[in-house]
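Participant: model the structure of this input:
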Amino acid sequence: MPVGPARPIGRNGSTGVSGHPATCCGQLRQHGTSPAGLHRPVERTGSAHTADQTAIPKSTRRRYTLAPDGPEAVSCPFKGDCTTANPRADMTIQPSRIAEDIDAIASFTATPGAGCSRPTFSPHWAAARDYVIEQAHHAGCVCRTDAAGNVHVRPSGLSWSQPAWLSGSHLDTVPHGGRFDGVVGVVVPLEILRAARDAHRPVPLELVIFAEEEGTTFGLGMLGSRAWCGLVNAQQLAQSCNEAGESYLTAGKPYGVDPDALESQKMNPSRYIGMVEVHVEQGPAMWRAGIPVALVTAVNGRRQYTCTIRGVANHAGSTPMNQRLDALAASAEIIVALEALPSQLSPQTVLTVG
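Facilitator: All right, here's what the predicted structure looks like:
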């Protein structure tokens, strides 16, 4: 994600999360099937690839269903006694668990040894998604999938109608991508949920895993979040296809994508206090300045253009220079001119050809 200038956070600063008073726990039932729109298979895999470097070994599947707003409670993060919840308890974040999560998710790749390749709705993407969901279940959370294929996770003591902070990112990657992009934004709120469980502390936090953020699988970035916000419709999703020719709707159906429910499951802003996305810096500025953490103050808008330069092929020895129409030479001149353009606009403007 391209970002603009960032404001440093002091090394000695402190942060905290204030929790709502404990409420009756949500519902987490273990069954053989799941209703439409809710998370279905949870598959834990010990490895992302075998000798052929593509197959993902299968293990025991556990299926969970969630009744979003009923009175019945089967699983409670406070061992069945909600009165033990302490909204002011200290929470201990364990960096080692975050590191283990990053390592585990990085192992789910179609290109082991050559970066992370997890196209949306691919087996390796699904394995990474299911890993996070299983970790969330271990932390006493409940999970659901919206009609756009995004995964939502909340503490079981927090109903889906209560206002909460939203935090998350994505698990899909560009081909041969890095292990931190998107993943950090998912595992940090996951660790907060685990730490809250350990401390018996209720937190108003919802983790979200957005589907198809990068745009390299179906040709349009942020498809899952756009669809959840109502910015793209079912027809547009049907026209967005992967390399195999499958539409977003077809490929995403096993993962909760439901065109008929897009409107009814659209994001309700009244249920959210705000959103925080933790992201690794994708440039050298903070690194070179020795700034460990910063707040993003602007996000670059993006425009993409496809240009075709047509020339005329002719004899390299006998064609005079002033009569040549060389497409490569013209392209080089255009690229050099474009490289000089951003500095004329603003210090934050960037431009890439390629």
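Participant: from Y255, how far out is A244?
Facilitator: Distance, A244 to Y255, by Cβ to Cβ, to the nearest Å: 15 Å. For the C-beta atoms, the positions are set from N, CA and C on the backbone; glycine is no exception.
Participant: okay, those two: which has more neighbours?
Facilitator: Y255 (20 against 9; other Cβ atoms under 10 Å).
Participant: out of the helices and strands in this protein, which is least certain?
Facilitator: strand 29-31 (a mean of 29; mean pLDDT, DSSP states H and E).
Participant: secondary structure class of the residue sitting furthest away from the middle of the chain, three-state.
Facilitator: What lies farthest from the middle of the chain is S318; by Cα atoms, centre = their mean that is 56.3 Å. Three-state assignment for S318 (DSSP: H, G, I helix; E, B strand; the rest coil): coil.
Participant: from R324, how far off is it?
Facilitator: Where R324 is concerned, S318 sits at a distance of 11 Å (Cβ to Cβ).
Participant: swap in A285?
Facilitator: 42 Å.
Participant: please apply the same query to A244.
Facilitator: From A244 over to R324 (counting by Cβ to Cβ), the distance is 42 Å.
Participant: what segments of the chain are helices?
Facilitator: Taking DSSP state H as the test, the helices found in the chain are 95-106, 123-138, 183-198, 223-228, 234-239, 248-252, 285-289, 327-340, 342-345.
Participant: got these as a markdown table, with mean neighbour count, distance to A114 and mean pLDDT columns?
Facilitator: What follows is the helices of the chain, written out as a markdown table (neighbours: other Cβ atoms under 10 Å; distance: least, Cβ to Cβ, whole Å; pLDDT from 0 to 100):
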| stretch | mean neighbour count | distance to A114 | mean pLDDT |
| --- | --- | --- | --- |
| helix 95-106 | 15 | 12 | 98 |
| helix 123-138 | 22 | 13 | 98 |
| helix 183-198 | 23 | 17 | 97 |
| helix 223-228 | 25 | 25 | 98 |
| helix 234-239 | 16 | 30 | 97 |
| helix 248-252 | 23 | 24 | 98 |
| helix 285-289 | 11 | 24 | 92 |
| helix 327-340 | 12 | 28 | 96 |
| helix 342-345 | 10 | 31 | 94 |
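Participant: and N150, which of the ones you listed is closest to it?
Facilitator: helix 223-228 (4.7 Å; Cβ to Cβ).
Participant: other SSEs contacting the closest one?
Facilitator: strand 205-210 (3 or more Cβ pairs under 8 Å, 6 or more residues apart in numbering; DSSP states H and E).
Participant: sheet partners, orientation included, of the strand it packs on?
Facilitator: If you go by DSSP bridges, strand 205-210 pairs up with strand 151-155 (antiparallel), strand 164-170 (parallel).
Participant: that one to helix 123-138, inter-axis angle?
Facilitator: Per axes from the mean of the first three to the mean of the last three Cα atoms, to 10 degrees, the angle that strand 205-210 makes with helix 123-138 is 170 degrees.
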